[in-house]
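# give me the fold of what follows.
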Amino acid sequence: MLGQERTVETEISSLINEIVLARKEIKSMNGVNAFTTKLESSMHGLFPYKLASQKYIYTIWIISLFFISFTNVLSLGLGGTLYFFGVVSLGTVYLVYNYSQQLKQPLETMQYHVNNYLLVKQAMSRLTDILEYQSSVPQGSQYLPNGLVSVTVKQLHFSYEENKSVLEDISFTLEAGESLGIIGVSGSGKSTLSLLLTKQLPCPYNSLYISGVDINDLSLAEVQRHICLMTVNDKLFEGSLKDNLTLFDDTIPDHEVIHFLEKYRFKHLSPYFKQFKQYDLLHKQIEIQELSVGEKQLIYLFRLVFRPKKLIIFDEALSNIDEQIEYYYFDILKEISEHTTLIMISHNVERLKNCDNIIIMEKGRVTAKDKATTILEKIDRQQFGLHLSGGEA
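Take a look at the predicted model:
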């Protein structure tokens, strides 16, 4: 029962995190009521498990309480009777009662350890599941060819559960060095597609090719080396700015990182880092809690530029950047696009119009694909929650 309670609590926590991170998109698509209803339903689902687990815990507590009360009544009742008949002295009655009181602390300690045991047992069970987990993603052994990469998707179907398709008959081609925008409301399959492109989910054979190589045949290390998915949930590491940009590669000299940061005027874009001298800029421990969301995303983006990839997928990754520095992003993205292939999943018109082509996804299907300018001229922006940089529809 505790295991089911923890599972439901994890799902609720993930839902709340999703709502917080996508609050702008949810509001723009008038999805507040839908998400509120979904959260309320999840909370109602948690209640029976919470009630059952608390019932179990309080049952142990009540049994302990009953036993303590019983020993108190027994010691006083039996002692009083024996004293009345002159069998024992009053001091003996007091000693028996005092000893019965000393049972209280061990029983409470036992109850505490039983509760902890149940929690640890569940944690160990989940840890065992993680350690025994076998990935269903084929490992592969092939490498990508040199140069820019292309993406070909042929009649791709995917589902997390049987008889519940998430992607249906997806087909499109992204030429090497081009950029593709993807538009779709929440639940249309955009993020699932991005996970398939980065080999984080098992992909059906003969459905997805990177430069002519089936993604299942590519080695996982090769995919991780050359294909990157950037989301709003990317993480910063406990460490310095250099650690986060180089991913703790000590072989990269300081002057190379400094030259890179000065080239893109990094300090001018981040109020937090403006105060630092050159050495502190690279090596001072970052106080992550003091960074704005936009500053965190700035580091994510610079991390990508510092070690360019062959294919980069932005899944709403730049949704919370500060408006006053947004034009810097466009310059950086323009430079990235010269030596990589880009996929931009976004509701921001300004970013989408810089793509070569756009596809529209609805309920797991591609319903339209054309030049970016053509799509953006014809599309109903309100229906798909599109907005300008300032949030205007």
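# neighbouring contacts of the helix or strand residue 303 falls within?
Element membership of residue 303 [criterion: DSSP states H and E] is helix 293-306. Contact partners of helix 293-306, identified using Cβ atoms under 8 Å, 6 or more residues apart in numbering, comprise 228, 230, 232, 234, 236, 241, 244-247, 257, 260-261, 264, 266, 269-273, 288, 291, 312, 317-318, 320-322, 325, 329, 332, 335-336. In short, each C-beta sits where N, CA and C put it, glycine included.
# what about residue 59, how many residues nearby?
Residue 59 has 10 neighbours, counted by other Cβ atoms under 10 Å.
# checking my notes, it in a strand, right?
No - secondary structure of residue 59 (DSSP: H, G, I helix; E, B strand; the rest coil): helix, not part of a strand.
# and it, what pLDDT?
pLDDT for residue 59: 79.
# please renumber so the chain begins at 49
That works, and once the first residue is 49, the last one we named lands at residue 107.
# tell me the spacing between it and residue 114.
As judged by Cβ to Cβ, to the nearest Å, residue 107 and residue 114 stand 11 Å apart.
# packing partners of whichever helix or strand residue 392 is part of?
Applying DSSP H and E as the criterion places residue 392 in strand 389-393. Contact partners of strand 389-393 among helices and strands, from 3 or more Cβ pairs under 8 Å, 6 or more residues apart in numbering; DSSP states H and E: strand 227-231, helix 238-245, strand 359-363.
# following the chain past the longest one, name the next helix or strand.
So the one you mean is helix 238-245. Per DSSP H and E, the helix or strand that comes after helix 238-245 is strand 256-258.
# that following strand: partners in the sheet, and parallel or antiparallel?
Take DSSP bridges as the rule and strand 256-258 pairs in its sheet with strand 199-209 (antiparallel), strand 261-262 (antiparallel).
# by mean pLDDT, show me the worst of the ones you listed.
Lowest mean pLDDT within the strands paired with strand 256-258: strand 199-209, at a mean of 91.
# how about whatever helix or strand residue 144 lives in: buried residues?
Taking DSSP H and E as the definition, residue 144 sits inside helix 138-149. The neighbour-count check on helix 138-149 (16 or more other Cβ atoms under 10 Å) flags 141, 144, 145, 148 as buried.
# could you measure from residue 278 over to residue 361?
Noted for residue 278: a distance of 7 Å to residue 361, by Cβ to Cβ.
# more neighbours, those two?
residue 361 (26 against 20).
# model confidence over stretch 61-70, on average?
The average pLDDT within stretch 61-70 is 67.
# give me the number of residues near residue 109?
So residue 109, with other Cβ under 10 Å, has 13 neighbours.
# for residue 208, see how far away the residue lying closest to residue 243 once chain neighbours are set aside is.
With Cβ to Cβ, 6 or more residues apart in numbering as the criterion, residue 243 has its nearest non-adjacent residue at 4.7 Å, and that residue is residue 249. Note on residue 249: its distance to residue 208, by Cβ to Cβ, is 9 Å.
# hmm, back to that, out of the helices and strands packed on strand 389-393, flag the one nearest residue 300.
Judged by Cβ to Cβ, the one of these that comes nearest to residue 300 is strand 359-363, at 20.3 Å.
# give me the most central residue, the protein.
Centre of the chain computed as the mean C-alpha position; nearest residue by Cα atoms, centre = their mean is residue 281, 5.4 Å away.
# from residue 64, how far out is that residue?
From residue 281 to residue 64 the distance is 13 Å (Cβ to Cβ).
# how about residue 127?
Residue 127 is 57 Å from residue 64, by Cβ to Cβ.
# more crowded one of those two?
Under the neighbour definition other Cβ under 10 Å, residue 127 and residue 64 were set side by side, and residue 127 has more, 20 against 13.
# in which helix or strand does that one reside?
Applying DSSP H and E as the criterion places residue 127 in helix 80-132.
# no further queries at this time; thank you.
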